[in-house]
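Asker: Kindly generate the corresponding structure for this input.
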Amino acid sequence: MIRDEDYKRAQEEWVSNCTGGTIHEVLAVCSSLVASHFFWTTLSKRSLIPVNGFWIQLVIYIGPVLASQTVAADHAALVTLTLLSLGYLVSFAPETEKAETEATSQSGYKTFLTVYRAGIMMVTCVAILAVDFPIFPRRFAKVETFGTSLMDVGVGAVVFSSGIVSSRAYLYHKPEETKIRTLVSAVRSALPILILGFARFILTKGVDYQEHISEYGLHWNFFITLGFLPPFVTLVSFLHQWVPFSILGLAVGLGYQLLLFQGLQEWILEAPRVDLISANKEGICSFAGYLAIFLLGLDSGTVVFKTSLADTLESRWLGVSKASGTKQAAAQLSLRAVAMWLLLGAWRLLVENHQVSRRMANLPYIFWVVAFSLTLLSSLIWSEYFNPSIGRGPSLLDAVNINSLLTFLWANILTGLVNLSMRTLYASTAVSLAVCFGYISIVSLLPWILWRQFGIRVKL
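Answerer: This is a model prediction of the structure:
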């Protein structure tokens, strides 16, 4: 019988020294969200499914995500193609429900944004437990230093999506609010998340939970990164009246990358952990990269939430200034996605020894996360433009989106409980899949019950 210390060591080795996979495979896995949404919308407009049924939404949206990350990982593109084919076949049946013409208009509720934010959150929630089972390919696990993987892009996409929704506060800013008042409000909103981050550290130490120190450092974790973002974003945003968020984000990313060129990268990768700063060097330094991603998310959010895009340079240049707000948003975000993919491609061709690194959240990582996020978001907008949803769209994803941070916290708690109650590394394929499906069902049930049954929105 293997001892607890030996098993803990085996768990840490299981998630260490991973080298990642290809960018197009990550896109193939996450494209199932777009295909699932097309399939669900097509079914619901023909009254072929109970529109607000929990289990049918779980199967259509979360089932393919789980399969693409585990047992169907080698055939993720086929999962997406199957969903699209089924949706296409169903589309020949007559519609019994009509969607509003501009259900995703610039001034209305954004179904595509709900699917994007909740979808990314559920992809991340599936991965944080599935990674501990043998059915989860090592190429999807977080890369040790340089490389790309599904879990690497997931954390960045969560930050980018947070930036998008936060842009509303800057578009509709109250002029009577002083800078000090705005900063105090940001610090106040950050405190609960920071408390969660420190609580997570204490709990993991208390139960001797396995750790991957090179991920964020000895004491740092993703909750602490999320917690520090609001006050720092507020400080940088004071420049927004003179400089666009896109320039601010790129400036932060470029400045940080210049420091990496000048020796910061060597310090992060090689310096011994001798004090509090060096013990958490990955978390502290990578924060600059996540700040840049958040700022670029704010910039994209102004496209999503702006009342009218007709007078923007991008719409005129693309020739869509007279089109609907949805089409203009889709076209503009698609253009930005192409620009980011070109920047990433040029970097990978021209720069050596500084490739994509989630551990440092360097400039190519920023390019990749933003390109990926804009590709997924613009694809969902195009889907909504050609095949709009009924009402607010899928109610399960609506509930997850409304309580997204609570959902992520709940997923982390359940992940810890599963790992403490069984030896996941030695589970069979059937047991692994059953546990992961049961886990993601319970993760989804909490926001569903809170919002659908009681109308509760928990702000963290």
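Asker: What segments of the stretch 51-200 of the chain are helices?
Answerer: Taking DSSP state H, counting those that start in this stretch, the helices of the stretch 51-200 of the chain run over residues 54-57, 63-69, 76-90, 111-130, 150-171, 179-206.
Asker: Which one of those helices lies nearest to S237?
Answerer: Of all those, it is helix 150-171 that lies closest to S237, at 6.5 Å by C-beta to C-beta. Bear in mind the C-beta positions are built from the backbone N, C-alpha and C, glycine included.
Asker: Counting by contacts, list what that closest one packs against.
Answerer: For helix 150-171, the elements it packs on are helix 23-44, helix 111-130, helix 222-237, helix 281-305, helix 363-386, judged by 3 or more C-beta pairs under 8 Å, 6 or more residues apart in numbering; DSSP states H and E.
Asker: about what we covered before: among the helices of the stretch 51-200 of the chain, which is nearest S286?
Answerer: Using C-beta to C-beta, the nearest of these to S286 is helix 150-171, at 9.8 Å.
Asker: from the chain's centre, how far out does that closest one sit?
Answerer: 7 Å (C-alpha atoms, centre = their mean, to the nearest Å).
Asker: Show me the shaky parts of this protein.
Answerer: 1-2, 99-108, 173-177, 460 (pLDDT under 70).
Asker: Stretch 420-427: end-to-end distance?
Answerer: 14 Å (C-alpha to C-alpha, to the nearest Å).
Asker: which residues touch that stretch?
Answerer: Contacts to stretch 420-427, defined as C-beta atoms under 8 Å, 6 or more residues apart in numbering, come from residues 2, 7, 10-11, 14, 132-134, 207, 209, 418, 432, 435.
Asker: Run the chain-centre distance for it.
Answerer: 27 Å.
Asker: What residues sit buried inside it?
Answerer: Of all the residues in stretch 420-427, those buried under the rule 16 or more other C-beta atoms under 10 Å are T424, L425, A427.
Asker: Same question for stretch 435-444.
Answerer: Neighbour counts using 16+ other C-beta under 10 Å place V435, C436, F437, Y439, I440, V443, S444 of stretch 435-444 among the buried residues.
Asker: May I have stretch 400-415 as CSV, with CA atoms only?
Answerer: Below are the C-alpha coordinates for stretch 400-415, written out as CSV (Å, rounded to 0.1, in the frame of the first residue of the first chain):
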residue,chain,number,x,y,z
VAL,A,400,-23.1,30.4,-13.8
ASN,A,401,-22.3,33.8,-15.3
ILE,A,402,-24.2,35.7,-12.7
ASN,A,403,-22.4,33.8,-9.9
SER,A,404,-19.1,33.0,-11.7
LEU,A,405,-16.6,33.7,-9.0
LEU,A,406,-18.6,31.8,-6.5
THR,A,407,-18.8,28.9,-9.0
PHE,A,408,-15.0,28.9,-9.3
LEU,A,409,-14.6,28.9,-5.5
TRP,A,410,-17.1,26.1,-5.2
ALA,A,411,-15.2,24.1,-7.9
ASN,A,412,-11.9,24.6,-6.0
ILE,A,413,-13.5,23.3,-2.7
LEU,A,414,-15.0,20.3,-4.4
THR,A,415,-11.7,19.6,-6.2
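Asker: Can you list the neighbours in contact with that stretch?
Answerer: Here stretch 400-415 has contacts from 113-114, 117-118, 121-122, 124-125, 128-129, 132, 158, 193, 196, 200, 226, 439, 442-444, 446-448, 450-451, 456-458, 460, using C-beta under 8 Å, 6+ apart.
Asker: what's the answer for stretch 270-281, then?
Answerer: When contacts are defined by C-beta under 8 Å, 6+ apart, stretch 270-281 is touched by residues I213, Y216, G217, L218, H219, W220, W267, I268, I284.
Asker: same thing but at 6 Å, please
Answerer: G217, L218, H219, W220, I268 (C-beta atoms under 6 Å, 6 or more residues apart in numbering).
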